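Peer 1: predicted model, plus sequence, below.
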Amino acid sequence: MTREFDHFLAVDWSGAKGERHSGIALAIAEPDGPPVLVEPPSGGWSRTEVLSILRDDLPANTLVGVDLGISLPFNDAGAFFPGWDRSPTHAKKLWALIDEICADDPHLGAHSFLDHPQAREYFRHGKDDEGEHFHLPDAITREGRFREAEIAQRRMKCRPVSNFNLVGAAQVGKSSLTGMRMLHQLRGHLPVWPMDPVPDRMITKGGSLLVEIYTGLASKEAATLSGARTKLLTYGDLNVALEALGSPPVRQYGEVDDHSSDALLTAAWLRKAAKDKRRWEPRFLTAEIAWTEGWTFGAL
C-alpha cells in the first residue's frame with residue numbers, strides 16, 4: 001500500500017515547565033523544495049498552540065511527526081505500571097489517565113502525574129531518586145524499561161533513553177508525558193499511527209496522520225549516507241545532511257540551534273521515509289504492541 005502526502009510537518013517537542021519554549025520547533029516540507037521553519041510567536045511556541053495547529057489548522061493530507069514517545073513500555077511486563085490497580089490496558093487509556101490526573105496543570109504540563117504517590121514510583125526522578133518500580137525485579141540493566149520500538153532503535157545503533165527516565169539531557173520522559181496529554185486531546189481530530197487504522201482516503205489523498213519520530217534516527221541515517229557528523233552546528237552542516245536525504249538546501253547561513261536543525265532535517269527525512277513501505281510495516285510490530293506501546297516511525 002502506497003501512502004502519499006502533500007505536506008510533511010516535523011515537531012521538535014518539549015516537556016519543560018512553563019508556557020513558552022525555545023525547545024519547540026516546527027518545520028514543514030512540501031513534496032519538492034527545502035524544508036522551512038514555521039515562524040514561532042514572540043517568546044517561542046507553547047504546547048497548546050501546537051495542539052491548536054494540529055487540531056484546527058493543519059493543512060490537508062499532512063504527515064505529522066512529533067519527537068516524543070507516544071506510549072510507555074508495556075510488553076516487557078504485560079502492564080505499564082505492574083502492581084498498580086489503575087494501570088491502563090492500552091495506550092489511549094494511558095493518555096486519558098495522564099490527562100485526568102494532570103487536568104489542573106497549565107500548559108499541558110504533567111508534573112501532577114510525576115508527583116502522584118503511585119505513578120511516581122515507576123520513574124527515575126534524579127540521580128539518587130529512583131522510584132521503587134523503575135526497574136523490573138529481574139532487570140539486568142540500570143537504564144530502566146524500554147518499548148519494543150526503542151529496542152528496534154538500538155538494533156539500528158541509536159541510543160534511546162527509557163521514557164521512565166526523567167534525568168539527563170537525552171531524557172524524553174517529560175516530553176512524552178506532556179505529549180500524551182496532547183494526543184488525548186487530539187482524539188477524534190487526527191489519527192495516530194499505529195494505534196489508529198490508516199484512513200481509506202490515505203491510500204490516495206486527503207487524510208492527515210500523526211506518527212512518533214525520533215530525530216536521532218533521522219540524523220543518524222543522514223550521517224550514514226553523507227559520511228558527515230550527526231551533530232549539526234551550522235546551516236552548512238545541515239545542508240550536507242539534507243543533500244544526503246535528496247533534499248534541496250536551505251538558504252540560510254551561520255550557526256543553527258539544535259531544535260531548528262532537528263525539525264528541518266526530520267521534515268525532509270519524513271518526506272523520504274514515507275515512501276518506504278518497510279517503515280510502515282516493521283517486522284516486530286504486532287497488533288498488540290501497536291495498541292499498547294505504539295511504535296517509532298522509521299524504526300525497523
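Peer 2: Nice, thanks for sending it over.
Peer 1: what bits of the stretch 1-150 of the chain have low per-residue confidence?
Peer 2: For the stretch 1-150 of the chain, residues meeting the criterion pLDDT under 70 lie at 1-3.
Peer 1: how about the strands in it?
Peer 2: Here the stretch 1-150 of the chain has its strands, by DSSP state E, counting those that start in this stretch, at 7-12, 20-21, 25-29, 36-37, 45-46, 62-66, 124-126, 129-130.
Peer 1: make TSV from those and add mean neighbour count and distance to residue 167 to it.
Peer 2: All C-beta spots, glycine's among them, are computed from the backbone N, C-alpha and C. Supplementary listing: the strands of the stretch 1-150 of the chain in TSV, determined by neighbours: other Cβ atoms under 10 Å; distance: least, Cβ to Cβ, whole Å:
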stretch	mean neighbour count	distance to residue 167
strand 7-12	25	20
strand 20-21	20	19
strand 25-29	25	23
strand 36-37	17	30
strand 45-46	22	25
strand 62-66	25	22
strand 124-126	16	5
strand 129-130	16	9
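Peer 1: turn these into CSV, columns for distance to residue 111.
Peer 2: As requested, these are arranged in CSV below (distance: least, Cβ to Cβ, whole Å):
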stretch, distance to residue 111
strand 7-12, 21
strand 20-21, 15
strand 25-29, 23
strand 36-37, 29
strand 45-46, 16
strand 62-66, 20
strand 124-126, 11
strand 129-130, 15
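Peer 1: for residue 246, see how far away residue 59 is.
Peer 2: 22 Å (Cβ to Cβ, to the nearest Å).
Peer 1: so for residue 288, which of the strands of the stretch 1-150 of the chain sits nearest?
Peer 2: Closest approach to residue 288 among the strands of the stretch 1-150 of the chain is made by strand 62-66 (22.8 Å; Cβ to Cβ).
Peer 1: contacts for that closest one?
Peer 2: Residues outside strand 62-66 that contact it (Cβ atoms under 8 Å, 6 or more residues apart in numbering): 3, 5-11, 13, 54, 58, 179, 190, 208-213, 266-267, 270, 274, 297.
Peer 1: same check on stretch 235-246?
Peer 2: 34-35, 219, 221-223, 225-226, 228-229, 231-232, 248-250, 252-256, 261, 264-265, 268-269, 272.
Peer 1: and that stretch, what's buried?
Peer 2: For stretch 235-246, burial by neighbour count (16 or more other Cβ atoms under 10 Å) applies to 235, 237-245.
Peer 1: picking that back up, quick check on the contacts of strand 62-66: which are buried?
Peer 2: Neighbour-count burial (16+ other Cβ under 10 Å) applied to those gives 3, 5, 7-11, 13, 54, 58, 179, 190, 208-213, 266-267, 270, 274, 297.
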